[in-house]
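1. Compute the structure for the input listed below.
(chains A and B)
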Amino acid sequence: MNLTLRIWRQAGPRHKGELRTYKVKDISPDMSFLEMLDVLNEQLNAAGEEPIAFDSDCREGICGTCGLMISGEAHGPEKTTTCQLHMRSFSDGEVITIEPWRANAFPVIKDLVVDRGAFDRIIQAGGYISVNTGSAPDAHATPVPKRNADRAFQAAECIQCGACVAACPNASAMLFLGSKVTHLAELPQGQPERMARVVKMVDQHDAEGFGGCTNVGACSQACPKGIPQDVISTLNFDLRTALRGNR
Amino acid sequence: MAVTGLVFVGYLLLHMYGNLKALSGEQAFNVYAEHLRTFGEPILPYGGLLWIVRVVLIVSLVGHAYAAFALWARAGNARRTKYAAGKAALRTAWMRWGGVFLLLFLVWHLLHFTVVKISPNADATGPDVVNNPNRLLVASFQVWWMTLIYVLAMIALALHLSHGVFSAMQTLGWTNSAASYRRATIADMWRTRQFEAALVNPSNRRKLDVIMVGTGLAGASGAATLGEAGYNVKVFCYQDSPRRAHSIAAQGGINAAKNYKEDGDSVYRLFYDTVKGGDYRARESNVYRLAEVSANIIDQCVAQGVPFAREYGGLLDNRSFGGVQVSRTFYARGQTGQQLLIGAYQALERQVAEGTVQQFSRHEMLELIVVDGRARGIIARDLVTGAIETHIADVVVLASGGYGNVFYLSTNAMGSNVTATWRAHRKGAYMANPCYTQIHPTCIPVSGEHQSKLTLMSESLRNDGRIWVPKNREDCDKDPRDIPEEDRDYYLERIYPSFGNLVPRDIASRQAKNVCDDGRGVGPLVGDFRRGVYLDFSDAIKRLGAAAVEAKYGNLFDMYARITGENPYQVPMRIYPAVHYVMGGLWVDYDLQSTIPGLFVTGEANFSDHGANRLGASALMQGLADGYFVLPNTIRDYLAHGPFTPLATDDPAVAEARGSVERRTARLLEINGERSVDSFHKELGMIMWEYCGMERTEEGLLKAVDLIRGLREEFWRNVRVLGSADTLNQSLEKAGRVADFLELGELMCIDALHRRESCGGHFRAESQTEDGEAMRNDDDFLYVAAWEFRGGEGDGEMGTPVLHKEDLVYDAVELKQRSYK
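-> Numbers count the residues shown, from 1 in each chain, chains lettered A, B, ... in the order given. Now for the predicted structure:
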């Protein structure tokens, strides 16, 4: 198949960027979206134009490194990561617009690459259980009801890719935040710090410049791991309890 | 007790030397006996030396006996109520009652030869006998019961000393050496090492700087734990966040000898399975330790909030995995790696918040700084700004993962590379067993030229899926559902009835290759062959129901459907082997220290635990064992010597390292040739897969070495890297990595060439049994091959590497030819 690509090019964080148009030919429907970009980059390199910078690492949908806004949809038309999106989801002759995640908290580094360091800092604010190595009791000391264990797992599936922020009309990171809060809140090990955690993490989220949540649900729809929107409800419940109790 | 005991040992050796003179004849013996008395005259009186010796021995004897009886009495006091039924420890019996016997013997011995000089031989008495030491000796041993007493005494002495000498060394703290580790029983080694490794005072720890390169399971867990201990840690990763390291892609699970299923598992069994699975090419002591700490890992992860799969009772679930017959694998659906890494990552971020760890994301280590033979820091490139940075520390840890990407197509991440370890290798760290590569049997087959990576599906699929190909070649392009049961060849179940589809990875992979080479592969034609076999879940779906299968493997099935466009609930999956993991890596000792002092290596980057083949669910175990429990205990023995002298950034060794990175970077951008970095990488990968892949031959490997040298030469002449060095430049990053792969590939082929045997993942066509199984050669190759880098100052230049051998000693397990039939 032959495609027309409109791709965001930006030389550096302080440079102005623009959409440039490229054409690719003989693309196989079995290629992944990123393999299609590899083909384009080989083409550009041969022609003496600097290849397009985009992030990707595991290319099997789990590391969360890749993430492109494809014709207005985070990770494109399928419910998956960009690396697991295949060209069979597009049709011959299609025009595809490719942009980086857009959020002030995710500044562009180059072309399609953004800085998601804000997520690390939110985790640093409290997204953990304070247990030093070597001080753990036997793993069977505390049984965890399967229902809670399963929900914790579902929330913990978040791969921190940032699609939720990219898709959110408010550029809010509540789904990411909610998934971490829910993961730890569902487990008995997470209880001691539960209230302090949610307050600190929400404060950091706001300080990073993410927007506020208006429960639109675009995040959950864009999430390649299908994290449900109700994790935000858990987050809000905990936050309310914490604020009532602690402040 | 120890000192007096060693005095006796010393005396015994002299005594033995003297008495052996008896064999030289009467005169020599008697001259010697007289010489002992005249020694040192006139400073010493006649017999003076003997008296000195006697006094020392008597004092020692009193001291030794006193200490012995005191210990005996104390033992009695420590347990006043005795057990009604008890088994005395054999060693204690030898020492106590043997000691008493030896004391009685000594009294007799002195009466006999020294004090009274009795001749027990009725035929030879009188002063001419008793005053002639040699004749007394001969006369005495002509009596049978005298000989018997002496023989018994010698046996008692041997038993007494066998424990006594070790015990004395232990008491005096002299057992702390590499050789003595091997002698100590394997089960005590780790406990002993933890105790003996020097401690670092908590208030000194913050003065010690640690560099950790890599944030996968080994790196993140190690950095977090060292941060918790209070060291000053700097952690580096090329990814934009530590949580993206490729450990995250591990699916199946993590082994631990918890025996929660009460199915006969134990530390020893996990150890045994791992050594056997590794085809007897792993270091026994390291593997035993791995099995020992495995249970602690699960405890630690649960405490961190890792959401392992649980049963309805709320307890942890287990599954079984290839190469073993117990259920010891803990898992979090199909993403155990991600959940474990998030646990380690969160622990790491907690330390970042505490200020003990500084995080450098999007940074790549490009050179190791070695000063006076010690690793003292790294040169790293900030991948965003392009700045070349110098980081000095007291110790450097590499947890930078494996180098499977040398094959271009592998299940590794796009960025996985060998640069950190290869740069260390060039600086003097030995590379061990580089040819041991694991080809994973359950990957999605290659679909075309454009392919950038291969996707693995957890081998846990082999628990319920059955692997088969058509019996007849003409059925290969049929719809598999139309092939009747009797025309299917479930070849693993047929060849290996006891392990069936759960044979170790190397065997499953090679058999897949064999049936495809036989023309019975399925899927699209790649060249002249179809490269794929069926992995069929229809029986499992019938037995457990589709819902149960989905609960267990849902995400893997989804992934397969997404990539291939086929529905595995209805049509059997197609799978084919792909490069997945490397057992080789930098050589490390029991402390995980490389041949460069101050350079430690953990996780997949080192060579130590998996031998020639890794069992499923053992990589996660090793990464976390190294990071949480091993490294933090062994690194302190090195750090106790620090902090080392501060280094200026203009120190010649630092400037040299930095200069070489700058030159290399500039050169890559200057070449401006015709070919892209990826085209070189692809070509290298093809050479490696063809000649250094699942089956290797002398001829092929020789050819590969030539091809790689040619390709490397072309690379440095004809590569095209656009853009500049002072910004994010992904082509430049790739170029540096591929340049190092082009050197590593040659070393892998050289290693594969020299190892003229088949073992684990290394299959030499020349070394196989009649029915095509790998044939080891323990007589010639029971060792670790550790290669030293030689020559080649310039980029891309390599001399002939030098082979060093570490002999493998198996005390705890018996060497056997592996059999899974």
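
2. got the domain boundaries for chain A?
-> Here the domain parsing of chain A from automatic domain parsing is A:3-109, A:117-246.

3. I'd like these laid out as JSON lines, including distance to B:M694.
-> Quick note: C-beta positions are derived from backbone N, CA and C, even for glycine. Listed next are those as JSON lines, based on distance: least, C-beta to C-beta, whole Å:
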{"stretch": "domain A:3-109", "distance to B:M694": "22"}
{"stretch": "domain A:117-246", "distance to B:M694": "32"}
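
4. closest one to chain B among the ones you listed?
-> When those are compared by C-beta to the nearest C-beta, domain A:117-246 sits nearest chain B, at 2.9 Å.

5. CA atoms only: put stretch B:634-647 into CSV for me.
-> Provided in CSV are the C-alpha atoms of stretch B:634-647 (Å, rounded to 0.1, in the frame of the first residue of the first chain):
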residue,chain,number,x,y,z
THR,B,634,29.4,-8.7,48.6
ILE,B,635,30.0,-5.2,47.4
ARG,B,636,30.6,-4.0,51.0
ASP,B,637,33.7,-6.2,51.2
TYR,B,638,35.1,-4.1,48.4
LEU,B,639,33.8,-0.8,49.6
ALA,B,640,35.2,-1.3,53.1
HIS,B,641,38.5,-0.4,51.5
GLY,B,642,37.1,2.9,50.3
PRO,B,643,36.6,5.8,49.9
PHE,B,644,39.4,5.8,47.4
THR,B,645,41.5,8.8,46.6
PRO,B,646,39.5,11.6,45.0
LEU,B,647,40.0,11.9,41.2
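
6. Now do the buried residues in it.
-> For stretch B:634-647, burial by neighbour count (16 or more other C-beta atoms under 10 Å in any protein chain shown) applies to B:T634, B:I635, B:R636, B:D637, B:Y638, B:L639, B:G642, B:F644, B:L647.

7. Next, count neighbours for B:V151.
-> 10 (other C-beta atoms under 10 Å in any protein chain shown).

8. just the one 5 residues further on next, same as before
-> By the other C-beta under 10 Å criterion, the neighbourhood of B:A156 contains 18 residues.

9. list the helices and strands the one helix or strand it maps to packs on?
-> Using DSSP states H and E, B:A156 sits within helix B:144-171. With contacts defined as 3 or more C-beta pairs under 8 Å, 6 or more residues apart in numbering or on different chains; DSSP states H and E, helix B:144-171 has these neighbours: helix B:2-19, helix B:90-110.

10. hang on, the earlier thing: I'd like the domains of chain A as TSV, with mean neighbour count and mean pLDDT appended.
-> Shown next, in TSV, are those (neighbours: other C-beta atoms under 10 Å in any protein chain shown; pLDDT from 0 to 100):
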stretch	mean neighbour count	mean pLDDT
domain A:3-109	19	96
domain A:117-246	20	95
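
11. Start from the N-terminal end of chain A and give the helices.
-> A:33-47, A:117-124, A:146-156, A:163-167, A:174-185, A:194-207, A:218-222, A:230-246 (DSSP state H).

12. Name the helix or strand of chain B that has the lowest mean pLDDT.
-> helix B:178-183 (a mean of 52; mean pLDDT, DSSP states H and E).

13. residue ranges with poor pLDDT in the stretch 651-800 of chain B?
-> Where the stretch 651-800 of chain B drops to pLDDT under 70, the residues are B:793.

14. contacting residues for A:W8?
-> In this structure, A:W8 makes contact with A:G17, A:E18, A:L19, A:I98, A:E99, A:P100, A:D111, A:L112, judged by C-beta atoms under 8 Å, 6 or more residues apart in numbering or on different chains.

15. Please tell me I have it right and B:R423 contacts B:I369.
-> No: counting by C-beta atoms under 8 Å, B:R423 does not reach B:I369; the two are 10.3 Å apart.

16. that older thread, how about the helix holding B:A156, which residues are buried there?
-> B:146, B:149-150, B:153, B:156-157, B:159-161, B:163-164, B:167-170.

17. sorry, back to before: in TSV: the helices and strands packed on helix B:144-171, plus mean neighbour count, mean pLDDT and distance to B:A561.
-> Output for these, formatted as TSV (neighbours: other C-beta atoms under 10 Å in any protein chain shown; pLDDT from 0 to 100; distance: least, C-beta to C-beta, whole Å):
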stretch	mean neighbour count	mean pLDDT	distance to B:A561
helix B:2-19	14	86	69
helix B:90-110	15	82	63
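
18. These into CSV, with extra columns for distance to B:F741?
-> Shown next, in CSV, are those (distance: least, C-beta to C-beta, whole Å):
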stretch, distance to B:F741
helix B:2-19, 54
helix B:90-110, 54
